[in-house]
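Participant: have a look; sequence and predicted model below, questions after that.
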Amino acid sequence: MIMDGNGRWAEKRQLRRTVGHLQGEEALFECIEGAIELGIPWLTVYGFSTENWKRP
């Protein structure tokens, strides 16, 4: 899973970027819970890149 676009999602809705990140976190946990229910033993999650440190 690649978490991307949470900040843009919030900005489109005229919300603070942090709201988007909180919504992204909630969606991630829902996916994890679903995977557990389905018996999926492994998930790979990519949430941050060192390139993000260079962003404004």
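Facilitator: Here it is on my side, so go on. Numbers count the residues shown, from 1 in each chain.

Participant: looking at this protein, which helix is longest?
Facilitator: Ranked by residue count under DSSP state H, the longest helix found in the chain is helix 17-38.

Participant: quick one: mean pLDDT over that helix.
Facilitator: Within the predicted structure, the mean pLDDT of helix 17-38 is 96.

Participant: how about stretch 4-12?
Facilitator: 93.

Participant: can you name the residues in contact with that stretch?
Facilitator: 16, 17, 18, 19, 20, 21, 23, 24 (CB atoms under 8 Å, 6 or more residues apart in numbering). The C-beta positions use only the backbone N, C-alpha and C, and glycine is treated the same way.

Participant: in the longest helix of the chain, what counts as buried?
Facilitator: 20, 24, 28 (16 or more other CB atoms under 10 Å).

Participant: mind listing what the last one touches?
Facilitator: Residues in contact with residue 28 (CB under 8 Å, 6+ apart) are 1, 3, 45.
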